[in-house]
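Participant: sequence? don't have it. structure:
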């Protein structure tokens with residue numbers, strides 16, 4: 001019996017760590033996707049933002065984020081290892097594996113912001129926001145959804161910890177409002193929250209120079225490296241198996257292994273459905289097969305299935321992904337008409353389709369209902385958008401958020417980083 005327990009513990013911990021590594025690899029996917037969809041003169045900064053935000057997320061979640069999200073004795077109880085706090089069950093898998101798996105989700109949420117504010121934001125303003133987003137804003141909404149509704153050392157029930165979307169354990173802090181809410185791997189908790197922070201930043205920042213004409217026209221600003229963007233999409237597609245599959249939280253039993261297999265299958269089918277649907281709609285709308293729309297369609301399919309990949313059939317998952325692919329094309333066009341400038345389509349992919357994913361959960365999961373999903377979505381969006389807007393405005397008042405018009409014209413690589421990604425093919429000034 002002891003040998004069986006130890007083997008299951010080892011398998012579940014190993015599986016958890018491998019899935020976390022796959023999600024970490026999504027950071028490379030975001031970096032490649034965004035580097036491919038910006039202009040050459042802004043590539044170095046976008047890469048710097050992505051590698052720096054990942055590191056900041058890891059540090060901030062260790063220092064305070066994990067404690068806020070899952071409870072602990074002090075703010076520094078985010079430094080885990082004893083299995084005393086959080087979702088991790090020492091009888092199932094190593095608590096430090098839970099921390100690692102959770103921290104890469106935090107970085108994913110912050111990566112969504114990076115592409116939306118690309119090509120005109122100051123590097124250090126972005127990194128300062130990353131500190132607040134990963135250390136406080138995301139962990140708080142995570143505490144209300146995946147966590148305990150308890151904010152660690154901020155009081156017996158936490159300053160904000162009275163509110164928990166999914167209910168909390170008996171004897172813990174009062175659960176004043178409980179709903180039939182479900183978000184399996186984070187369509188709302190991770191993706192929509194990142195998009196809400198991105199939307200707030202874009203509204204504060206404004207559009208890129210020359211993107212919109214005085215007559216309301218929209219000027220396309222094509223990305224510099226579509227092969228790189230395509231590679232980034234494939235990396236994200238692969239990493240998503242860890243994102244959704246790891247959220248099963250185990251694999252050492254027949255039941256959990258079967259669940260993992262279903263999640264992998266549905267994740268893949270949703271991405272395929274999203275890409276094909278977006279490609280066809282783009283052809284109908286624009287008369288051409290738009291690769292960027294196809295790539296965003298695949299990502300939209302992935303986001304759409306993330307809220308519930310374990311209960312649909314393969315056909316349902318494909319159709320859900322297709323709905324995401326159709327919606328993302330329409331959303332990108334609509335946001336351009338509203339003059340909301342998002343160079344990579346992150347707000348549409350992760351925000352609009354993230355909401356779709358939440359609303360699709362009750363279709364196949366009778367443990368959730370539409371009212372609960374709507375309340376959950378409103379809670380996440382309102383909290384993240386409002387707090388992010390306040391932080392962006394504070395940063396703007398203190399150090400500014402936007403580079404000068406001249407620096408934007410020359411490219412933020414030189415003004416913010418002092419080097420160019422492709423010196424032989426741009427100005428040659430280096």
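Facilitator: Done, it's in. Predicted, not measured: the structure shown is a model, and the values here were computed from it.

Participant: low-confidence ranges in the chain?
Facilitator: 1-3, 72-91, 148-178, 426-430 (pLDDT under 70).

Participant: switch to 80 and redo it
Facilitator: Along the chain, segments meeting pLDDT under 80 span 1-3, 71-93, 148-179, 424-430.

Participant: middle-most residue in it, spatially?
Facilitator: Nearest to the geometric centre of the chain sits residue 109, at 3.2 Å (Cα atoms, centre = their mean).

Participant: tell me which helix or strand the closest residue to that residue other than its chain neighbours sits in.
Facilitator: Distance criterion Cβ to Cβ, 6 or more residues apart in numbering; nearest residue to residue 109, sequence neighbours excluded, is residue 194 at 4.0 Å. (C-beta placed from N, C-alpha, C; glycine too.) Residue 194 is part of helix 193-205, with elements assigned from DSSP states H and E.

Participant: what is that helix packed up against?
Facilitator: helix 95-116, helix 346, helix 370-398 (3 or more Cβ pairs under 8 Å, 6 or more residues apart in numbering; DSSP states H and E).

Participant: now the angle from the first one to helix 370-398?
Facilitator: It stands for helix 95-116. Using axes from the mean of the first three to the mean of the last three Cα atoms, to 10 degrees, the inter-axis angle of helix 95-116 relative to helix 370-398 is 70 degrees.

Participant: next helix or strand past helix 95-116?
Facilitator: Helix 95-116 is succeeded, C-terminally, by helix 123-132 (DSSP H and E).

Participant: what angle do the helix or strand that comes right after that following helix and helix 370-398 make?
Facilitator: Next helix or strand after helix 123-132 toward the C-terminus (DSSP H and E): helix 138-145. Angle of helix 138-145 versus helix 370-398, following the same axes, to 10 degrees, is 160 degrees.

Participant: what's near enough to touch the residue nearest to residue 239 when sequence neighbours are not counted?
Facilitator: Counting by Cβ to Cβ, 6+ apart, residue 239 lies nearest to residue 26, which is 3.5 Å off, once chain neighbours are set aside. Remark: with contacts taken as Cβ atoms under 8 Å, 6 or more residues apart in numbering, residue 26 is in contact with 104, 108, 111, 235, 236, 239, 240, 242, 243.

Participant: residue 26 and residue 282, how far apart?
Facilitator: Distance of residue 26 to residue 282, computed by Cβ to Cβ, to the nearest Å: 24 Å.

Participant: possible to save the contacts of residue 26 as TSV with distance to residue 273 and neighbour count?
Facilitator: Formatted as TSV, those follow (distance: Cβ to Cβ, whole Å; neighbours: other Cβ atoms under 10 Å):
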residue	distance to residue 273	neighbour count
104	26	25
108	22	26
111	24	26
235	20	20
236	16	25
239	19	24
240	14	28
242	20	26
243	17	27
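
Participant: going by distance to residue 278, which of those residues wins?
Facilitator: Relative to residue 278, the closest of those is residue 236; by Cβ to Cβ it sits at 14.9 Å.

Participant: which one is that closest one nearest to, not counting chain neighbours?
Facilitator: Closest residue to residue 236 apart from its sequence neighbours, by Cβ to Cβ, 6+ apart: residue 29 at 3.6 Å.

Participant: nearest to residue 425, of the helices and strands packed on helix 193-205?
Facilitator: So among those, helix 95-116 is nearest, using Cβ to Cβ, at 22.0 Å.

Participant: any idea of the angle that closest one forms with helix 193-205?
Facilitator: Using the same axes, to 10 degrees: helix 95-116 against helix 193-205 is 30 degrees.

Participant: buried residues, helix 95-116. List them.
Facilitator: 95-116 (16 or more other Cβ atoms under 10 Å).

Participant: list the helices and strands that helix packs on?
Facilitator: Applying 3+ Cβ pairs under 8 Å, 6+ apart, one finds that helix 95-116 makes contact with helix 2-37, helix 43-60, helix 66-70, helix 123-132, helix 138-145, helix 193-205, helix 346.

Participant: these two touch, right, residue 143 and residue 68?
Facilitator: Yes. The criterion here is Cβ atoms under 8 Å, and residue 143 meets it with residue 68 at 6.0 Å.

Participant: okay, those two: which has more neighbours?
Facilitator: Between residue 143 and residue 68, residue 68 has the larger neighbour count (other Cβ atoms under 10 Å), namely 29 against 26.

Participant: what residues are up against the nearest residue to the more buried one once chain neighbours are set aside?
Facilitator: Of all residues beyond its chain neighbours, the one nearest residue 68 is residue 139 (4.0 Å), with distances taken as Cβ to Cβ, 6+ apart. For residue 139, the contact set (Cβ under 8 Å, 6+ apart) comprises 61, 64, 65, 66, 68, 69, 106, 147.

Participant: distance to residue 190 added to those residues, as TSV?
Facilitator: Formatted as TSV, the contacts of residue 139 follow (distance: Cβ to Cβ, whole Å):
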residue	distance to residue 190
61	13
64	19
65	13
66	15
68	16
69	12
106	8
147	13
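
Participant: ok, so of these, who is nearest residue 301?
Facilitator: residue 106 (23.2 Å).

Participant: is that closest one in contact with residue 134, as I believe?
Facilitator: Yes. Residue 106 lies in contact with residue 134 (Cβ under 8 Å); the separation is 5.0 Å.

Participant: quick check: neighbours shared by these two?
Facilitator: 57, 60, 61, 65.

Participant: how close does the closest residue in space to residue 185 that isn't next to it in sequence sit to residue 187?
Facilitator: Nearest residue to residue 185 in three dimensions, chain neighbours excluded: residue 247, at 4.0 Å (Cβ to Cβ, 6+ apart). Note on residue 247: its distance to residue 187, by Cβ to Cβ, is 11 Å.

Participant: and if you look at residue 264?
Facilitator: Taken as Cβ to Cβ, the span from residue 264 to residue 187 is 17 Å.

Participant: if you count what's nearby, which of the two comes out ahead?
Facilitator: Using other Cβ under 10 Å as the criterion, residue 264 and residue 187 rank with residue 187 on top: 31 against 17.

Participant: verify the stated contact: the more buried one with residue 352.
Facilitator: No. Applying Cβ under 8 Å as the test, residue 187 and residue 352 come out as separate, 11.1 Å apart.

Participant: quick one, helices of the stretch 151-300 of the chain?
Facilitator: 193-205, 226-245, 254-286, 291-306 (DSSP state H, counting those that start in this stretch).

Participant: in the third one, what's buried?
Facilitator: The neighbour-count criterion (16+ other Cβ under 10 Å) identifies 256, 259-260, 262-264, 266-282 as the buried residues of helix 254-286.

Participant: what's that helix packed up against?
Facilitator: Checking 3+ Cβ pairs under 8 Å, 6+ apart, helix 254-286 ends up next to helix 226-245, helix 291-306, helix 314-337.

Participant: looking at these, which is buried most?
Facilitator: helix 291-306 (a mean of 30; mean count of other Cβ atoms under 10 Å).
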